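Engineer: sharing a model that was predicted from the sequence below.
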Amino acid sequence: ACCWNTATSMSESADVKHAGLGPALSGYPYDAKHLGVECAAIDLAFAKSGQPTSLIVERLEIENTKGESEPESVNVVLGTIPDSKQWGQQSSSNILLRLKQPWASHVKDLLDKGHILTLKNCRVLTRNNNLSVHPYELQLDDGPESKQAHISVMSPRNRLLDKPGIEISLTTIRSASSKRNNKRAETGITAARALKKQKVCSGYIYTPLCELRAGIECNIMAVVVNFTFPKKSRRGDSYIVVTVVDRTNIDAAVQVNIFGPTDDTLPKIRRLGDLIRLHRIKVDSYQGRPSLVYQKTKSSFICIDGRPGQNTEPYSYSTPHYTEVDKEIVASLREWLPEAPIKLIPPDLPQELTSIRNLKRQGKVETVCRVIGITKLLSSGRRYIVVWDGTDIETEGHLIELSKEDCEMLNEDECPENGAYFGVQIDPALLQVVSVSPGDWVHLRNLILMQEEEDNFGYAEDLRVLCSNMKVCGEVMREYVEREDKDSANSEKESSSHEQKETKEKPSSPSANSKPTTRVTNTVRYMTPIHSLKSKYAPCPGKFQLRAKVLSYFPKDITRWCRPVCERCGSGESIKQNANKQLTCSECKSKKKITYHYYFTITLLDATGRQEVIVSRENATNFLQGIPACNLKENEASLKLIRKKIEFILKPESCLWVL
């Protein structure tokens, strides 16, 4: 978490001590506790309140009417810091900060658009400018009211690197300007000004993901937490969707839509946890969330291995341009990744990661495990990966046996001794797209226990390779070590005296009898995201469970939801009605075997996409909670009940579980 040092000077190389600003920006996303006074709430009392305010630089203007090298003043328009978690709900406001001498000459080289200023004890005046609409403006000068003022400057780069801001006060300015004072302070200002030169040399400013604004064009450097395989858009372009986070938006991942003329022009991401740099991408708004769009003619990308100790050079890129500043951010993100609580499952789905031990034949689970071996294409046309997560699995039969001759395995000294080796069938076409090697960590999606005769094995609909330094991989190993320690301790207890064993037959406290436990999620139904339904690796035909919002239905005329069908010949188009309103099938001339059946469609939406679903016959009756199909043009009571249920389902707060 980023925080301001309470006794730092204008750079890391300077050690001039002064009273600091106190807590500010100590975490992401920014909240009122750390931002202090809101921009719109600044008034005359703010000057002596002792409270800080944190605002973002929106615009700068330098006034120099005398033509001298040093400016008379610097006008800085400050606004509310964007928060992507409050997308579309955050009120915008700005206020002018007028920096006069000696502040202007020392701060002008440190500020740029996108920098965050934290201010305290600033002079507040009635507005006298046309740069903002705020009734007041802030001012810093050499007067007595500015003696206790402090400001801190934090660049977007430092926010991404989790580095403190540069603090400035009138004391440090005068100390740096004085030739009689220690040279360290002057060195501090020189180093601080070098930050701006470094930014100019790099040519790019990286925007933290929590500060995205609709309509802007920005550059980002982030961690990949999900990606899709190439597909064709309606216009014939190839595209993928990449989900990214950085340390500023760990709970609010952002999707990037990347387009290209062919699959070869798209990023070839290898693992979740790898790093992606995107330049000149457009920020849009979609379903109340920020959405980033890669512009084919302007944007560029590079992909870098997220594992520590690996090559920092890009392994996939559209441009070879790669600076030292980029390498610094890469090193920082690699260092942060092992502690980052990255969620591999979208937050709107009820599952959580579980272990192989909890795999049940009736349900699908998500699990993270290590690959011990990979089979070649067998004579049966199947391929398996042999995985391990340190747990055992209980089955009615035995686990499938795979010949070592058919497998590429880890070296024996690298294979773990305890825990089941579990064979999981993977679509051979999927393994051609995803590069998996023994020793890799993988996220298996929609994993289910299968049985053929006496052989038990798993089947995963999808998988992604993980960087081994991700926190979720470390948690699997940590749980394995804890279980081993507990098992060792239990073995020592079992070897104790016979008298102690007899006492265990009596009721005892849970702590005395506790066994290693893992997270059990088999009681929660697995909800498949809509984008998985559209994957070419999804089983077809197949059964899925969804949790989604109902957007619309068709036909719009609900009376057309029921149609007569002949049970004898199955025809629904040849049903005629005579003058006595009696139904007759013109195909088989049947009159008694004609019944009404539902047939309509609904459009579902979740966080990953939308899907049209056909609802018919008994499934439709269950969907409408038992309302039988009938002639809805004549049965007003049933029509009224259906309309009431549909109105409830279409409410914004309603959510549908399709099982």
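Structural biologist: Everything's here; your move.
Engineer: can you pull up the most central residue in this protein?
Structural biologist: The chain has Ala253 as the residue nearest its centroid, 2.4 Å off, counting by CA atoms, centre = their mean.
Engineer: give me phi/psi at that one?
Structural biologist: Taking degrees, to the nearest 10, you get phi -60, psi 150 for the backbone angles of Ala253.
Engineer: which pLDDT value belongs to it?
Structural biologist: Looking at Ala253, its pLDDT reads 88.
Engineer: show me what contacts it?
Structural biologist: Residues near Ala253 by CB atoms under 8 Å, 6 or more residues apart in numbering: Val225, Asn226, Thr243, Val244, Val245, Lys343. Yep, even glycine has a C-beta here, placed from its N, CA and C like the rest.
Engineer: which of these lies closest to Glu167?
Structural biologist: Val245 (28.9 Å; CB to CB).
Engineer: and the contacts of Ala253, which is the shakiest by pLDDT?
Structural biologist: Lowest pLDDT of those: Lys343, 83.
Engineer: contact partners for it?
Structural biologist: Per CB under 8 Å, 6+ apart, neighbours of Lys343: Val225, Asp251, Ala253.
Engineer: repeat for Tyr598
Structural biologist: Going by CB under 8 Å, 6+ apart, Tyr598 touches Trp561, Cys562, Val615, Ser616, Arg617, Ala620, Thr621, Leu624, Ala629.
Engineer: if you set the cut-off to 7 Å instead, what comes out?
Structural biologist: Shown in contact with Tyr598 (CB atoms under 7 Å, 6 or more residues apart in numbering): Trp561, Cys562, Val615, Ser616, Arg617, Ala620, Thr621, Ala629.
Engineer: repeat that for Tyr421.
Structural biologist: Applying CB under 7 Å, 6+ apart to Tyr421 gives the contacts Ile372, Val386, Trp388.
Engineer: so which of those residues wins on neighbours?
Structural biologist: The most neighbours of any of the contacts of Tyr421, using other CB atoms under 10 Å, belong to Val386, which has 26 neighbours.
Engineer: and the two most separated of the contacts of Ala253?
Structural biologist: Greatest spacing in the contacts of Ala253, by CB to CB: Val244 and Lys343 (12.9 Å).
Engineer: ranges for the helices of the protein?
Structural biologist: Here the chain has its helices, by DSSP state H, at 32-35, 103-107, 156-161, 170-177, 183-202, 324-336, 428-433, 471-494, 498-503, 510-513, 530-533, 617-623, 636-649.
Engineer: ok, Thr367 touching Ile448?
Structural biologist: No. Thr367 is beyond contact range of Ile448, at 11.1 Å (criterion: CB atoms under 7 Å).
Engineer: give me the more crowded residue out of the two.
Structural biologist: Taking other CB under 10 Å, Thr367 and Ile448 do not tie; Thr367 has more neighbours (24 against 18).
Engineer: ranking the helices of the chain by mean pLDDT, which is last?
Structural biologist: Between the helices of the chain, the lowest average pLDDT goes to helix 510-513, which shows a mean of 34.
Engineer: about what we covered before: filter the contacts of Tyr598 down to the buried ones and hand me the ChimeraX line.
Structural biologist: Only the buried entries of the contacts of Tyr598 go into this ChimeraX selection, using 16 or more other CB atoms under 10 Å:
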select :561,562,615,616,620,621,629
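Engineer: from the contacts of Tyr598, which single one is nearest Glu211?
Structural biologist: Compare each of the contacts of Tyr598 with Glu211 using CB to CB and the shortest gap goes to Val615, at 43.2 Å.
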